[in-house]
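A.B. asks: Here is the input, now give the coordinates:
(2 chains)
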Amino acid sequence: MKPKTLFEKVWEQHEVVPETADTPAVLYIDLHLIHEVTTPQAFAQLRAQNLQVRRPDRTLATLDHSTPTDPAEVFGRVPIKVESAGRQVREMEKNCREFGIDLLGLGSEQRGIVHVIGPELGATQPGKTIVCGDSHTATHGAFGALAFGIGTTEVGHVLATQCLLQRRPKTLAIEVQGRLRDAVTAKDVILAIIGKIGVAGGTGHVIEYRGGAIEALSMDERMTVCNMSIEGGARAGMIAPDETTFAYLKGRPFAPSGEAWDRAVESWRTLQTDKGAQYDRIVEIDANALEPMITYGTNPGMVVPITASVPDHPDDAIHAKSLAYMGLHGGEPLLGKPVQVVFVGSCTNARLSDLEQAARVLRGRKVASGVRMLVVPGSQQVKREAEARGLDQVFTDAGAEWRESGCSMCIGMNGDTVAKGQYAVSTSNRNFEGRQGPGARTLLASPLTAAAAAVAGRVSDPREFLRS
Amino acid sequence: MQPIRTFSSRTVVLPFTNIDTDQIIPARFLTTTTKEGLGKQAFADWRYDATGAPKTDFVLNRPEAAGCSILVAGRNFGCGSSREHAPWALLDYGFRAVVSTEIADIFRSNSLKNGLLPIVVDERTHAWLLKNPGVSVAVDLQASALTLPDGTAVEFPIEAFARYCLLNGVDELGFLLQQAEAIARYEHTHA
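C.D. replies: Here you go, the predicted model:
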């Protein structure tokens, strides 16, 4: 038999109808994640055509994007401040009720960022096809699932038919060999990858991350890597499932149990890319050479090691436009740049181990005066686990704000924003102009680097905070 | 959806690379629950100042941009978020096609589903279009070609089924719904 890649195996197992020259493949979707922002128009389409949701049991619904993180708003003690967001939350509640979908709503202990709760509940599993009206759906690829973001029209397609029309993408292997040095995290790995391939480097491709440095990552870390695949232009990023994957999933609420678990693991083991399977492209990264990374511009590909200076391209007008927005100059060091906001959160870096990393730096220290630090757990479960370990106390003792779960300041549509002209070191995934608020200047980095910036009040090398 | 065959327009040029969907429509406008009326928010942070007044130096606010339905943009247009509000906003603004050397995957897919044509051209054609804003070009979807003012027809790739749907004003959901039997069979064998 022809050797196959992980992607090819999952794709072929989900072809309801294979593609032809005239028509795309009809691809079956095992799990559809939905949230309040990209679904209202899809539900409206179902109503207009008098259609039902085909598989409510394969639909996992939550509130995260426009949902507030202020406890008083979340638990209804005060109205949701962003009125239109409040309407959207109520619309989601109504749509789920009318179409028979269980919603992990505002009061639910299982609520959280959609890409945090899928894995946490064990709904995300190897070999599954998973979609969501959100480009960071690639996160779930960390489990060996084929997971990608879709638009609202496609959300409607999946709600109505549990299928999508898709052309088969190309494959890109990213081989990360070697070992990460101290204070170099999964976030630094993916930022370095995007820096290398560029923000359109993965367009038209599904990435498979492989190699010793990837295999050594925990599931939380693998999710951070896969999460930002779209920032390299790829709709999906995958990692072959292994013992780390199985150990993470075992015993989770939606994971199989008993004999079904054994059968599942047996089938998941077959998903590894076969020896001799061909990728359309291969990119190699040396993990030993990586350093903590930070972005300086207005897309995630504009990234350098934290000890580097802002690149100088005097003849590049687009580079100049980006630096003008950021208020930075070519040749200027990033270390020492004063910051006003630090955000630890988002589907990229708001799982328990991310919060532990931030706490490693913050424990016994204070957030610098004049800096606002917001720590937003990825889910209510992450919040409870963090509180059980006393992490919330570390954050609040340091002077940081500790919130309910949600997308928060990553997307700035829920009341949590960065003001015009302010610098924010953020553990999120996008440093686009205005992403965290009109005029906000975002520097993307790991939770360690973000926490170091909070303590110093300026961009700092996290390694200096881990030595003492 | 109305069938799309041919149309022509002067171009408006945004020469920047990597124009992401947060620029096309900032996230704070995504709390809407309808598709309508997003055109006034297209490129909001480039188009308006903090008081909401149009920035006179932004290309879409110049008199010559009025009525242009073809946007020429730098490489990797539409990267970032999966928000379909981006093509909804561009269509509501009055655009019918976006021309670049590279168009991000999810944005391209979303555009095709709404009748906004994502037109990928070679670097030479693109460079010429960037340097000559306001020229009149014609789009022929049947021929999958963009005709330049000198009569040169530049073919562009477009996925066959999406093209069929756009030419005939057919909705892809109708095709998927017709697959109900195959889907049921798949569910039965993969239960």
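A.B. asks: only C-alpha atoms for contact and neighbour calcs from this point on.
C.D. replies: Noted.
A.B. asks: Buried residues of stretch A:240-252, list them for me.
C.D. replies: For stretch A:240-252, burial by neighbour count (16 or more other Cα atoms under 10 Å in any protein chain shown) applies to A:Ala240, A:Pro241, A:Asp242, A:Thr245, A:Phe246, A:Tyr248, A:Leu249.
A.B. asks: contacts for it?
C.D. replies: With contact meaning Cα atoms under 8 Å, 6 or more residues apart in numbering or on different chains, stretch A:240-252 is reached by A:6, A:119-122, A:125-126, A:142-144, A:208, A:210, A:218-219, A:255-257, A:261, A:265, A:268-269, A:271-273.
A.B. asks: If any of those are buried, give me the PyMOL selection for them.
C.D. replies: PyMOL command restricting those to the buried ones, with burial defined by 16+ other Cα under 10 Å:
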select buried, chain A and resi 6+119+120+121+122+125+126+142+143+144+208+210+218+219+255+256+261+265+268+271+272+273
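A.B. asks: Keep only the contacts of stretch A:240-252 that also lie close to chain B.
C.D. replies: Residues of the contacts of stretch A:240-252 in contact with chain B (Cα under 8 Å from any Cα of the partner chain): none.
A.B. asks: Now, the contacts of stretch A:240-252 that are in strands?
C.D. replies: A:Glu208, A:Arg210 (DSSP state E).
A.B. asks: Going along the chain, name the strands of chain B.
C.D. replies: B:6-14, B:70-73, B:97-100, B:117-120, B:136-140, B:145-147, B:153-155.
A.B. asks: quick one: which of these is nearest chain A?
C.D. replies: Closest approach to chain A among those (Cα to the nearest Cα): strand B:6-14, 11.3 Å.
A.B. asks: any chance of the strands of chain B in TSV, plus mean neighbour count?
C.D. replies: Output for those, formatted as TSV (neighbours: other Cα atoms under 10 Å in any protein chain shown):
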stretch	mean neighbour count
strand B:6-14	20
strand B:70-73	25
strand B:97-100	25
strand B:117-120	24
strand B:136-140	19
strand B:145-147	20
strand B:153-155	17
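A.B. asks: and the closest residue to chain B within the stretch 301-450 of chain A, how many neighbours?
C.D. replies: Across the stretch 301-450 of chain A, the shortest distance to chain B (Cα to the nearest Cα) belongs to A:Met413, at 4.7 Å. Neighbours of A:Met413 under the rule other Cα atoms under 10 Å in any protein chain shown: 26.
A.B. asks: Name the SS class of it, please.
C.D. replies: coil (DSSP: H, G, I helix; E, B strand; the rest coil).
A.B. asks: Would you agree it is in contact with B:Arg28?
C.D. replies: Yes: taking contacts as Cα atoms under 8 Å, A:Met413 lies within contact range of B:Arg28: 4.7 Å.
A.B. asks: distance of the residue nearest to B:Thr17 when sequence neighbours are not counted from A:Pro79?
C.D. replies: Sequence neighbours aside, B:Gly74 is the residue nearest to B:Thr17 in space, at 4.1 Å (criterion: Cα to Cα, 6 or more residues apart in numbering or on different chains). For B:Gly74, the distance to A:Pro79 (Cα to Cα, to the nearest Å) stands at 43 Å.
A.B. asks: For these two, work out which one has more neighbours and name it.
C.D. replies: Using other Cα under 10 Å as the criterion, B:Gly74 and A:Pro79 rank with B:Gly74 on top: 21 against 12.
A.B. asks: got a list of what that one touches?
C.D. replies: B:Gly74 touches B:Leu14, B:Pro15, B:Phe16, B:Thr17, B:Asn18, B:Ile19, B:Ser100, B:Thr101, counting by Cα under 8 Å, 6+ apart.
A.B. asks: ok, now A:Ala277?
C.D. replies: A:Ala277 makes contact with A:Lys2, A:Pro3, A:Lys4, A:Thr5 under the criterion Cα under 8 Å, 6+ apart.
A.B. asks: Am I right that the third one is in a helix?
C.D. replies: No: the assignment for A:Lys4 (three-state DSSP) gives coil, which keeps it out of a helix.
A.B. asks: Surely A:Gly421 and A:Gly437 touch.
C.D. replies: No: using Cα under 8 Å, A:Gly421 is not in contact with A:Gly437; the gap is 9.7 Å.
A.B. asks: What degree of burial does A:Gly204 show, as a neighbour count?
C.D. replies: A:Gly204, neighbours per other Cα under 10 Å, totals 21.
A.B. asks: count of residues packed around the nearest residue to it once chain neighbours are set aside?
C.D. replies: Excluding the flanking residues, the one nearest A:Gly204 by Cα to Cα, 6+ apart is A:Pro169, at 5.6 Å. A count of nearby residues for A:Pro169, using other Cα under 10 Å, gives 18.
A.B. asks: got a list of what A:Pro169 touches?
C.D. replies: Contacts here follow Cα under 8 Å, 6+ apart; on that basis A:Pro169 touches A:Gly204, A:His205, A:Val206.
A.B. asks: Looking at those, which one is closest to chain B?
C.D. replies: Of the contacts of A:Pro169, the one sitting nearest to chain B (Cα to the nearest Cα) turns out to be A:Gly204, at 6.4 Å.
A.B. asks: Local confidence estimate at that closest one?
C.D. replies: What the model reports for A:Gly204 is a pLDDT of 97.
A.B. asks: my read: it touches A:Ala234, true?
C.D. replies: Yes: the criterion here is Cα under 8 Å, and A:Gly204 meets it with A:Ala234 at 6.5 Å.
A.B. asks: buried stuff in the helix or strand of chain A with the lowest mean pLDDT?
C.D. replies: Using mean pLDDT, DSSP states H and E, helix A:463-467 stands out as the lowest-scoring helix or strand of chain A, at a mean of 91. Of the residues in helix A:463-467, A:Arg463, A:Phe465 count as buried by neighbour count, 16+ other Cα under 10 Å.
A.B. asks: How far off centre is it?
C.D. replies: Centroid separation for helix A:463-467 versus its chain: 26 Å, with Cα atoms, centre = their mean, to the nearest Å.
A.B. asks: Thank you, goodbye.
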